[in-house]
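Asks: Sharing a sequence plus its predicted fold:
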Amino acid sequence: MRIKRYTARTIHEALDAVRRDLGSDAVIMHTRKLPPTWLGKLLRLEKFEVIAAVDANIRKQAAGSMQAFTPQAHRVGTVGIDLMEEPLCHDKSLPNESETESVVRGYRSRSKGRKVPGQAVPGADFIRIHEHLLDSDMDPELAEILIRNSRMKWREAQLAGKTVHELILEQMTAMLPTANGITLTSGVRKVVALVGPTGVGKTTTLAKIGALFAIFGQKKVAFVTADTYRVAAMEQLRTYAQIIDVPLEVVYTPQGMHDALRKHTDADLVLIDTAGRNPRSDMSMAELKAILDASQADEIHLVVSMNTRACDLFEIVDRFTACGINRLIFSKLDETTRLGPMLTIVNLYDIAISYVTYGQNVPQDIRAADPAYLAKCLLDTESVYPTMTHE
């Protein structure tokens, strides 16, 4: 028996795929409307699943069930969709839902590493990478779009001598908007603020960026901190400022921010550290916005930690968009192998990544965002990890 699972935007599209792939003798074993993903809810996308099988030995037995295969057997609309959520075929000789899932998993397992005669697309490689993307917490909708688009370009990639891995890596690279760090214009001061929730490494990241420009770039840098909630944060940044040999200003109010910036009109780069904010607190976010408005920052970089749960990451980015963020910094890449939300976030919010960080060392453990490197992090997490710890 050959068993396959199909997903599509509508039940009719899924059934058409079954007919094209397995032929008119296919038996519909199970259909259902899949629960929407986070991205699916936002975009109001629906998806249906059909599990079908074909076997010469059960064709006669399945003949009575095949009427469920025809689109005419179901009305289009809410009622028809509700009916689709239940198994269409009730023949007791066919496996139930849990047995079907077990059979499908076994089929996938047997398929890995096996080349089907006459098959142009190496499905096992696509399946393996698809499963890796899902394991990395990438949104299932986005992972499927990526795999589907890659499959469509497979023949062209074959002619160019590319592997499935190289093709998908190329597709992911094109989907990662990056700003390649902070760029300065000669004679023009740039003001950059770092914001984010507590514990994501804003102060350390700010020190890393400051050291890169002051020590290696020979630029005139100034630090301004509005993080007066934690004495340790001020002292930490003060220590970094002394080591890097840059001035530090401490501000408590929006007016204080105005005054601090006026002192450093001749700086090439002013980096503003802000207190970690609870994105669910309207008052906390209003205070932050007042400070940012006073700074008139050219760029506002949101720092988020990649060891945060995916659902929380989306909420954090969503809440901080009200502050006018226009760059993303992903921190603590070395503390997790689940980097999938990175691709989901940048595609959902269309915000460029400026830096990624992966350790406490100042200024080493930071890298200006490079799409090819980030795609490799997403697809080859284990192989990239050693570069984070030895660069």
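Replies: On my side now, so go ahead.

Asks: What segments of the stretch 51-200 of the chain are strands?
Replies: Secondary structure of the stretch 51-200 of the chain, counting by DSSP state E, counting those that start in this stretch: strands at 190-195.

Asks: show me where pLDDT drops low in it?
Replies: Along the stretch 51-200 of the chain, the model assigns pLDDT under 70 to residues 55-122.

Asks: Could you tell me how many residues sit around residue 31?
Replies: The tally of other residues near residue 31 (other CB atoms under 10 Å) stands at 24. From N, CA and C alone the C-beta is placed, and that goes for glycine too.

Asks: That should have said residue 153, apologies.
Replies: So residue 153, with other CB under 10 Å, has 15 neighbours.

Asks: Next one, pLDDT for residue 363 please.
Replies: Note for residue 363: predicted pLDDT of 81.

Asks: ok, now residue 274?
Replies: Taking residue 274 on its own, its pLDDT is 89.

Asks: how about it, phi and psi?
Replies: Backbone geometry at residue 274, expressed as degrees, to the nearest 10, gives phi -120, psi 160.

Asks: residues touching it, list them.
Replies: By CB atoms under 8 Å, 6 or more residues apart in numbering, the contact set of residue 274 is 193-195, 202, 226-227, 288, 291-292.

Asks: ditto for residue 357
Replies: Going by CB under 8 Å, 6+ apart, the list of residues near residue 357 reads 201, 204-205, 208, 329-333, 365-367.

Asks: Also residue 255?
Replies: Counting by CB under 8 Å, 6+ apart, residue 255 makes contact with residue 294.

Asks: Which secondary structure element is home to it?
Replies: Assigned by DSSP states H and E, residue 255 belongs to helix 254-262.

Asks: That helix: what's the following helix or strand?
Replies: strand 269-273.

Asks: list the helices and strands that following strand packs on?
Replies: strand 190-195, helix 202-211, strand 221-225 (3 or more CB pairs under 8 Å, 6 or more residues apart in numbering; DSSP states H and E).

Asks: Wait, residue 190 touches residue 295, no?
Replies: No: between residue 190 and residue 295 there is no contact under CB atoms under 8 Å: 11.8 Å.

Asks: So between those two, which is more surrounded?
Replies: With neighbours defined as other CB under 10 Å, residue 190 and residue 295 compare such that residue 295 has more, 23 against 18.

Asks: what residues are up against the nearest residue to that one once chain neighbours are set aside?
Replies: Once flanking residues are discounted, residue 295 sits nearest to residue 257: 5.2 Å by CB to CB, 6 or more residues apart in numbering. Going by CB under 8 Å, 6+ apart, residue 257 touches 224, 226, 251, 272, 291, 294-295.

Asks: So which residues of the stretch 201-350 of the chain form helices?
Replies: 202-211, 231-244, 254-262, 282-295, 310-320, 340-349 (DSSP state H, counting those that start in this stretch).

Asks: By neighbour count, sort out the buried ones in the contacts of residue 257.
Replies: By neighbour count, with 16 or more other CB atoms under 10 Å, those hold 224, 226, 251, 272, 291, 294-295 as buried.

Asks: Same list, those residues, but as JSON lines with distance to residue 176 please.
Replies: Shown next, in JSON lines, are the buried ones among the contacts of residue 257 (distance: CB to CB, whole Å):
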{"residue": "224", "distance to residue 176": "30"}
{"residue": "226", "distance to residue 176": "31"}
{"residue": "251", "distance to residue 176": "35"}
{"residue": "272", "distance to residue 176": "26"}
{"residue": "291", "distance to residue 176": "30"}
{"residue": "294", "distance to residue 176": "33"}
{"residue": "295", "distance to residue 176": "28"}
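
Asks: so which of those residues comes closest to residue 35?
Replies: When these are ranked by distance to residue 35 (CB to CB), residue 291 comes first, at 40.7 Å.

Asks: How is the protein divided into domains?
Replies: What automatic domain parsing lists as the domains of the chain is 2-111, 124-175, 190-390.

Asks: Could you dump the ones you listed into TSV and include distance to residue 183?
Replies: Listed next are the domains of the chain as TSV, based on distance: least, CB to CB, whole Å:
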stretch	distance to residue 183
domain 2-111	31
domain 124-175	21
domain 190-390	8
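
Asks: looking at those domains, which is buried most?
Replies: Of all the domains of the chain, domain 190-390 has the most neighbours on average by mean count of other CB atoms under 10 Å, namely a mean of 19.
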